[in-house]
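Asker: Fold the following, please.
(chains A and B)
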Amino acid sequence: MAASVAAGGGAVTRLLLGAAGGLRLRPARGFRTAGVFQAEDESCTAEPVGDIVNVVFIDRSGRRIPVQGHVGEDVLRLAQRHNIELEGACEASLACSTCHVYVSQELVDKLPVPDEREEDMLDLAPQLQENSRLGCQIILTKELEGAEFTLPKITRNFYVDGHVPKPH
Amino acid sequence: MGSSCVCWKWRSPLRRLAGFSRLLSTAALAPQICVVGSGPAGFYTAQHLLKHHRLARVDIYEKLPVPFGLVRFGVAPDHPEVKNVINTFTQTAHSDRCSYYGNVTIGKDVTVKELQQAYHAVVLSYGAEDNRILGIPGENLSGVYSARAFVGWYNGLPENRDLKPDLSSETAVVLGQGNVALDVARVLLSPLDILRKTDITEGSLAAIACSKVKRVWLVGRRGPLQVAFTIKELREMINLPDTRPLLAPADFTGLGDVIKDVPRPRKRLTELMVKSALEKPGEKEAGRWASATKEWGLKFRRSPLEVLSAADGKQARGIRIAVTRLEGSGESARAVPTGEVEELECGLILSSIGYRSLPLDSAIPFDPKLGIIPNSLGRVQGEPGLYCSGWVKRGPTGVIITTMNDSFDTAQSVLEDLQTGVLNLSSSKEGFKSVRSILHSRGVHPVTFSDWEKIDAAEVARGKLAGKPREKIVDPQEMLQLINH
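Answerer: Predicted coordinates:
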């Protein structure tokens, strides 16, 4: 819905400007894997390129959602492509903390050190933890295969739409 | 519902069943919800309701013709990325189960009780349109303004367009040390080359171009460990071209030790202040500070007592302030007068001590002391079917994520009440259909979202001519004329 459709407006911007606001070219790839770009979010205008990276989102109700991303894609866009409720109010400009996620402990230190501007915005994220990062700043690499990204609980209860969470 | 089946013609049983259940699902079970206020709280509440209920209809009412509240009128002109959230809100407004109705003042054009008759649930998200007052002599002298009005002035809020702030003195004092205080200081001191490329209004840009203000003091009652601004905004101020920071080393000596165990945000913020105040600047920075033509500084432990007037008795010429000391520590430290008093010379005083909500409608509970609608998890106390989100629910502090989380939380309360039957859907409600006739009978013409898009297009087109993202229209009559109202 709104969160995933908003990615459409931001998607082109992110392609051109990259996560930190600077010009960033997508790495050219010699081949594409056979992973299919899911077009369920019709507002995304560009197909992600790059090798498949399998990760898991744990949404705010505790539901585990395995997804396939691509090397070079950022986690905010990946979430929105799969209709996972991760907001990106400022559209990856390091001007908000709505895409705050927790990164699985064993992999959080494999990520590049956050930019000072990301740290500044993380300071304002509720329920900040040692393994907190902004989703728009996490760029998928092969090293993140199997990573889990947990969305912080932001409301009291999530089950009103009838979903029954599986224990994890 | 049962009686209407009797007059149906014979159809194949399957089709009749499908038609019957369609009638049930759309007519009886589609909740009609309205939200009062089209700022972040209103839009995020609507977004969450629409996403988590397949049938709910959400109508968003706004007193101005144009939507988005503080995103349009509060966020500083030189912070355009913060306004990107408008794209998310626009998607919500475009949902076929959502409608926007601007130019409708709830409490005047239609009452909350009338909304409750038309909708199953009413969410009050109308924010904080007023400000706290100093309550000191001289507060009404010329040259004294609330920061809220000043921000409204440069951001094109219609009610502040004629503020005509006096920018003829060299020194301005901002009372308060939050992000709004930093915003107004930054707008007063920013190089014009930066401001002229933003969506700051033409009129205020012209006034700032003639401004004599060269020095801005941000004055707080408490100490460096209690500043309310955040690190991104402080960094921006420290790096502002053609300005130098005035931070008294005595205010920061020894602070490094005190903050060893405080939470990370406070620690990093204090470390930045300490570094800027005590460390020798790098060569480039030192050069910039030496050649700067403007300056800004923080004064701590000073509480305003009286605005002093010039000889004519009408114009502010300075402010008398009490020196305080702190009792207690950390976020809950209290400022206590020492008896010592000082005077600061200045011709412009901006009080930035907090926004404040007002009661919308005498029938709605309101706590004047806290400035909020009494509620529990967004459910207004004693008023089934009435909810609140955003600043009018929690108080006027926080950034976009705070309001977003809060709005989702209120939406959860509404969704729970729909599911458990606290909100009774068996009584069908007419929604905008009945509000439309009320408004029509009172001569009020709502502005639709596509009307707003015409105004938006006109502002963007005018802005393009001036090299700005938009040139805001500040006269509501002009807005209405543009859309032929």
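Asker: contacts, neighbours, all on C-alpha from now
Answerer: OK.
Asker: Residues contacting the host helix or strand of B:R288, please?
Answerer: Under the criterion of DSSP states H and E, B:R288 resides in helix B:283-291. Residues outside helix B:283-291 that contact it (Cα atoms under 8 Å, 6 or more residues apart in numbering or on different chains) are B:P241, B:D242, B:T243, B:R244, B:P245.
Asker: Please identify the buried residues of it?
Answerer: For helix B:283-291, burial by neighbour count (16 or more other Cα atoms under 10 Å in any protein chain shown) applies to B:R288, B:W289.
Asker: Output that helix as CSV, restricted to C-alpha atoms.
Answerer: C-alpha atoms of helix B:283-291 as CSV (Å, rounded to 0.1, in the frame of the first residue of the first chain):
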residue,chain,number,x,y,z
GLU,B,283,42.9,25.1,9.7
LYS,B,284,40.0,25.4,7.3
GLU,B,285,37.4,25.9,10.1
ALA,B,286,39.6,28.4,11.9
GLY,B,287,39.9,30.4,8.7
ARG,B,288,36.1,30.3,8.2
TRP,B,289,35.5,31.4,11.7
ALA,B,290,38.0,34.2,11.5
SER,B,291,36.5,35.7,8.4
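Asker: Can you list which of the contacts of helix B:283-291 are found in helices?
Answerer: Of the contacts of helix B:283-291, none are assigned to helices by DSSP state H.
Asker: Buried ones only from the residues you listed, please, as a PyMOL command.
Answerer: A single PyMOL command selects the buried members of these (16+ other Cα under 10 Å):
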select buried, chain B and resi 241+242+243+244+245
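Asker: Among the contacts of helix B:283-291, which ones lie close to chain A?
Answerer: Filtering the contacts of helix B:283-291 for proximity to chain A by Cα under 8 Å from any Cα of the partner chain leaves nothing.
Asker: Out of the contacts of helix B:283-291, which is nearest to chain A?
Answerer: Closest to chain A out of these is B:P241 (18.8 Å), distances taken as Cα to the nearest Cα.
Asker: what's near enough to touch that closest one?
Answerer: Counting by Cα under 8 Å, 6+ apart, B:P241 makes contact with B:S190, B:P191, B:R288, B:A292.
Asker: so what pLDDT did the second one get?
Answerer: So that's B:P191. Per-residue confidence (pLDDT) for B:P191: 98.
Asker: Then the last one?
Answerer: Looking at B:A292, its pLDDT stands at 98.
Asker: ok, now which ones touch the residue nearest to it when sequence neighbours are not counted?
Answerer: Distance criterion Cα to Cα, 6 or more residues apart in numbering or on different chains; nearest residue to B:A292, sequence neighbours excluded, is B:D242 at 4.3 Å. Counting by Cα under 8 Å, 6+ apart, B:D242 touches B:P191, B:R288, B:W289, B:S291, B:A292, B:T293, B:K294.
Asker: cool, and B:L255?
Answerer: Per Cα under 8 Å, 6+ apart, neighbours of B:L255: B:T270, B:V274.
Asker: Does stretch B:85-93 reach chain A?
Answerer: Yes - Stretch B:85-93 reaches chain A (Cα under 8 Å from any Cα) through B:V85, B:N87, B:T88, B:F89, B:Q91, B:T92.
Asker: Which helix or strand contains the residue minimising distance to the centre of chain B?
Answerer: What sits nearest the mean C-alpha location of chain B, by Cα atoms, centre = their mean, is B:L70, with 3.6 Å. Element membership of B:L70 [criterion: DSSP H and E] is helix B:69-73.
Asker: quick one: contacts of that helix?
Answerer: Counting by Cα under 8 Å, 6+ apart, B:G37, B:S38, B:G39, B:P40, B:V82, B:K83, B:I86, B:V151, B:G152, B:N155, B:G156, B:L157 sit against helix B:69-73.
Asker: how about the residues of the stretch 101-250 of chain B near chain A?
Answerer: Counting by Cα under 8 Å from any Cα, the stretch 101-250 of chain B sits next to chain A at B:I231, B:K232.
Asker: for the stretch 101-250 of chain B, what spans make up the strands?
Answerer: Along the stretch 101-250 of chain B, the segments classed as strands by DSSP state E, counting those that start in this stretch run B:121-124, B:130-131, B:144-146, B:171-175, B:215-219, B:243-246.
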